[in-house]
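Asks: Below are the sequence and a predicted model; questions follow.
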Amino acid sequence: MQEANQNNQLGGVVDEEEEYNELMAEDTTANQSQSENTALEMYTDKYIDLLHQNNLEGLAEYFHPTKGAYFLPYAHFDTSTVINLKKTEFIQTLNANKIFTWGVYDGSGEPITLDITNYFKQFVYNIDFKNLTTSKHINAQLVSSNSLNNIGDILPKAKHIEYHYKGSKQYDGLDWSSLIFYVEEYNGQYYIVALVHNQWTI
């Protein structure tokens, strides 16, 4: 009867070879995940640059070609009020200064009635995230607010990256803010499917 741990060509035994293969598979998965995160961050850093330059038409080039982009003023996907715009419509309404109702303000419940330019100033690039981001969270749990975050249920295939500003000492961090990009791959590139703002809410 042969021994259970037969010699293998790696200079070890069969059980060691199985352990080696498992470790190699784990390393490969980790490397693939790191590579995906690096690619995702490369795209989203480009989005941040465009926002920093106030180049909203340039940003629209990265809206998902078939799904367009959703705009969420808080980290809750309200299907009854959410705005979705494809690239062409976004650019046309941007240039026409069209007014949208994007949802309601936290606390007051008053409608958020703004054109695209002013919406972006209040609910997208309200902080200089290019220079003030204090942490990035890639496909990880988001900074928590009182908003019920159901975005993953609505966009289960999307990856996300959060650019987070931790807030100031003056306000004990209550003025923290996050800009979160939800993206999906299309023809080998990442495209925005949702632009999400998050902050402290009542």
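Replies: Structure received.

Asks: in this structure, what spans have low per-residue confidence?
Replies: Residues of the chain that meet the criterion pLDDT under 70 lie in 1-32, 145.

Asks: mind listing the strands for it?
Replies: 69-72, 83-85, 99-104, 111-115, 135-138, 159-165, 177-186, 189-199 (DSSP state E).

Asks: Would you mind giving those strands as TSV with mean neighbour count and distance to Asn54 added?
Replies: Where C-beta positions appear, they are placed from N, C-alpha and C, glycine not excepted. What follows is these, written out as TSV (neighbours: other Cβ atoms under 10 Å; distance: least, Cβ to Cβ, whole Å):
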stretch	mean neighbour count	distance to Asn54
strand 69-72	23	17
strand 83-85	18	18
strand 99-104	16	19
strand 111-115	15	14
strand 135-138	14	22
strand 159-165	22	17
strand 177-186	20	14
strand 189-199	22	15
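
Asks: for this protein, what spans make up the helices?
Replies: Under the criterion DSSP state H, helices of the chain are mapped to 14-52, 56-60, 87-95, 116-123, 129-132, 151-154.

Asks: Put together TSV for those helices, with mean neighbour count and distance to Lys67 on each row.
Replies: Listed next are those as TSV, based on neighbours: other Cβ under 10 Å; distance: least, Cβ to Cβ, whole Å:
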stretch	mean neighbour count	distance to Lys67
helix 14-52	13	16
helix 56-60	18	13
helix 87-95	15	11
helix 116-123	17	18
helix 129-132	14	24
helix 151-154	15	12
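
Asks: Please name the residues that touch Leu72.
Replies: Taking Cβ atoms under 8 Å, 6 or more residues apart in numbering, we find Leu72 in contact with Val82, Gly103, Ile151, Ala194, Leu195, Val196, His197.

Asks: how much space is there between the closest residue to Ser135 other than its chain neighbours and Ser178?
Replies: Closest residue in space to Ser135, ignoring its immediate chain neighbours: His164 at 4.9 Å, by Cβ to Cβ, 6 or more residues apart in numbering. Separation of His164 from Ser178 (Cβ to Cβ, to the nearest Å): 5 Å.

Asks: picking that back up, as a markdown table, the strands of the chain with distance to Glu57 would be great.
Replies: Compiled in a markdown table, the strands of the chain are given as follows (distance: least, Cβ to Cβ, whole Å):
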| stretch | distance to Glu57 |
| --- | --- |
| strand 69-72 | 13 |
| strand 83-85 | 12 |
| strand 99-104 | 17 |
| strand 111-115 | 15 |
| strand 135-138 | 25 |
| strand 159-165 | 21 |
| strand 177-186 | 18 |
| strand 189-199 | 14 |
